[in-house]
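Novice: what's the 3D shape of this:
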Amino acid sequence: RKEKMNGLMQFMKYYNIPSSLQRQVFSFYNHLLTKNISDEDNQIIKDLPQALQNELNIYQKIKLIRNVHIFKECSTPCLKMIAQKLEQTFHSPNEYIIRKGDVGDEMFIIGHGELEVSAGEKVLAEIKAGQFFGEIALLEDTIRNADVISNSYCDLYTFRKEDFLEVIEKYPNLGDKFQQRYKKRSSDSAEARGTDQKEAA
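Specialist: The predicted structure is shown next:
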């Protein structure tokens, strides 16, 4: 891995890669090492039967989602079932992950990178690795109420509604936790609207 990092540095120098892009590359490479999903890891397990490779890949995903607070109280069998359903995708900077007005049927967990949540020109939040967004779409048919755009190179894990419903049928406590979060979020939004109306008056 040290040799690969040195090779990357020589590559950057030879091709005169801008420093901002270099930071993105090294940041993502360090992420791969930290999350143990590097090429070397795949090489280590590539000679195993496909069934065993799939099993090990599931535990790589479990390492990520175990640290996402909404899943922290899940049992290992529940985490394993969620991990089996997750689909990993990679995104470049300034890419729309969600557009306001879209119909949503999935939530996203951030494995690496930073994203911006905005409504028009107003930035509502900045979110990063270990956080998630879009979870309301798992609970009800909804229209996305904000844009989510990548600020950097990102890898995301998609959890689709049909898979979520399958998981909570077996592990209803997870569904209860999502409902509690949804109710709290709805309550907070209602309070904020009430405050805005009072200030306007």
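
Novice: all strands for this protein, in order.
Specialist: In the chain, the strands defined using DSSP state E lie at 87-91, 96-98, 103-104, 106-112, 114-119, 122-128, 132-133, 142-143, 147-150, 154-160.

Novice: how big is the angle separating the first one from strand 106-112?
Specialist: Same thing as strand 87-91. Angle between the axes of strand 87-91 and strand 106-112 is 60 degrees (criterion: axes from the mean of the first three to the mean of the last three Cα atoms, to 10 degrees).

Novice: List the buried residues of strand 87-91.
Specialist: Buried positions in strand 87-91, judged by neighbour count with 16 or more other Cβ atoms under 10 Å: His91. Every residue, glycine included, has its C-beta placed from N, CA and C.

Novice: same deal with the second one?
Specialist: Buried residues in strand 96-98, defined by neighbour count with 16+ other Cβ under 10 Å: 97-98.

Novice: Also the last one?
Specialist: When neighbours are counted by 16+ other Cβ under 10 Å, the buried residues of strand 154-160 are found to be 154-160.

Novice: State the number of residues packed around the nearest residue to Val103 once chain neighbours are set aside.
Specialist: Using Cβ to Cβ, 6 or more residues apart in numbering and skipping residues adjacent in sequence, the residue nearest Val103 is Ile143, 6.2 Å away. By other Cβ atoms under 10 Å, 10 other residues sit near Ile143.

Novice: Provide a list of residues in contact with Ile143.
Specialist: 101-104 (Cβ atoms under 8 Å, 6 or more residues apart in numbering).

Novice: Now list the buried members of these.
Specialist: Gly104.

Novice: Pull the most distant pair out of the buried residues of strand 154-160.
Specialist: Spatially, the most separated pair among these is Cys154 and Arg160, at 18.4 Å (Cβ to Cβ).

Novice: I'd guessed Asn151 sits against Val117; true?
Specialist: No: using Cβ atoms under 8 Å, Asn151 is not in contact with Val117; the gap is 10.6 Å.

Novice: any common contacting residues for these two?
Specialist: With Cβ under 8 Å, 6+ apart, Asn151 and Val117 have common neighbours Glu126.

Novice: The two - which one has more neighbours?
Specialist: More crowded of Asn151 and Val117, by other Cβ under 10 Å: Val117, with 18 against 15.

Novice: Show me what that one is bridged to.
Specialist: As for beta bridges, Val117 partners with Ala125, Val148 under DSSP bridges.

Novice: Identify the residues contacting it.
Specialist: Contacts of Val117 by Cβ under 8 Å, 6+ apart are 123-127, 133, 146-148.

Novice: so which of those residues is the most crowded?
Specialist: Neighbour-wise, these (other Cβ under 10 Å) top out at Val148, 22 neighbours.

Novice: In this structure, where is pLDDT below threshold?
Specialist: Within the chain, the ranges that satisfy pLDDT under 70 run 31-42, 188-201.

Novice: if you go through it in chain order, where are the helices?
Specialist: 2-14, 19-35, 39-45, 50-65, 76-85, 161-170, 172-200 (DSSP state H).
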